[in-house]
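> Provided below are the primary sequence and the corresponding predicted coordinates.
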Amino acid sequence: MVLPRVLTEVDLFIWLKRHYYYDLRSSGGQYAFYDCYSLEFRFYAELKMRSKHYDTLLIEKSKYDRIVKIANANRSEALYIVGTPLGVWQYEVATLGIEWVEMPGLPVTSHFENNDRITKRVGLLPLKDAIRLGETSNVRKGGVIYGDR
């Protein structure tokens with residue numbers, strides 16, 4: 001298992017900061033339009049942790065729109081970084097041809113007490129469109145090889 005202690009988005013943030021993006025900064029609030037950003041590597045990112053691994057990951061259309069808007073306004077990349085029990089995948093979402101679908105039965109939110117279900121517009125992101133980060137990756141996207149820090 002690549003991420004034995006990465007269970008939450010906070011854990012994912014810390015892991016990314018330690019291994020890839022040393023200047024990573026948090027948006028500073030749970031209701032922000034993005035989770036984190038890097039001025040040096042010029043990106044804004046939405047982070048997500050999944051408790052199960054899927055070959056196709058989802059991004060909500062509303063989150064996609066917000067992260068692309070803030071990234072474009074700041075002439076930066078829009079990243080969606082997802083952790084699963086099998087690893088971490090990074091998508092540069094603005095460059096993808098995303099298939100948008102209406103998916104019923106999704107939770108209103110995954111972190112709070114409201115467990116109502118609704119239909120959400122989501123994008124389907126195949127793993128083949130992502131960069132895999134972690135022990136098996138030789139990617140230097142952030143200028144740091146896994147294990148250098």
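Sure, I can see it. Numbering: from 1, shown residues only.
> so what's the residue lying farthest from the centre of the chain closest to, chain neighbours aside?
With distances taken as C-alpha atoms, centre = their mean, the residue sitting farthest from the centre of the chain turns out to be residue 116, at 23.6 Å. The shortest distance from residue 116 to any non-neighbouring residue, by C-beta to C-beta, 6 or more residues apart in numbering, is to residue 108 (4.8 Å). Using the backbone N, CA and C atoms, a C-beta is placed for each residue, glycine as well.
> Kindly provide the distance from the one you found to residue 119.
Residue 108 sits 11 Å away from residue 119, going by C-beta to C-beta, to the nearest Å.
> quick one: the residue farthest from the centre of the chain and residue 107 touch, right?
Yes. With contact defined as C-beta atoms under 8 Å, residue 116 reaches residue 107; the gap is 7.4 Å.
> for the closest residue to residue 48 other than its chain neighbours, phi and psi?
In this structure, residue 48 finds its nearest non-sequential neighbour in residue 82, 4.8 Å apart by C-beta to C-beta, 6+ apart. Note on residue 82: its backbone torsions stand at phi -120, psi 130 [degrees, to the nearest 10].
> so how far is residue 132 from residue 82?
11 Å.
> Tell me the gap between the helix or strand harbouring residue 83 and the middle of its chain.
Using DSSP states H and E, residue 83 sits within strand 77-84. Taking C-alpha atoms, centre = their mean, to the nearest Å, the mean C-alpha location of strand 77-84 is offset from the chain mean by 2 Å.
> packing partners for that strand?
helix 9-19, strand 43-49, strand 56-60, helix 61-73, strand 87-92 (3 or more C-beta pairs under 8 Å, 6 or more residues apart in numbering; DSSP states H and E).
> how many neighbours does residue 13 have?
20 (other C-beta atoms under 10 Å).
> Contacts only, for it.
By C-beta atoms under 8 Å, 6 or more residues apart in numbering, the contact set of residue 13 is 24, 26, 35, 36, 47.
> among those residues, who's most crowded?
residue 35 (25 neighbours).
> Verify the contact between that one and residue 9 for me.
Yes. Under the criterion of C-beta under 8 Å, residue 35 makes contact with residue 9 at 6.5 Å.
> Spit out the residues that contact these two alike.
By C-beta under 8 Å, 6+ apart, residue 35 and residue 9 have these common neighbours: residue 47.
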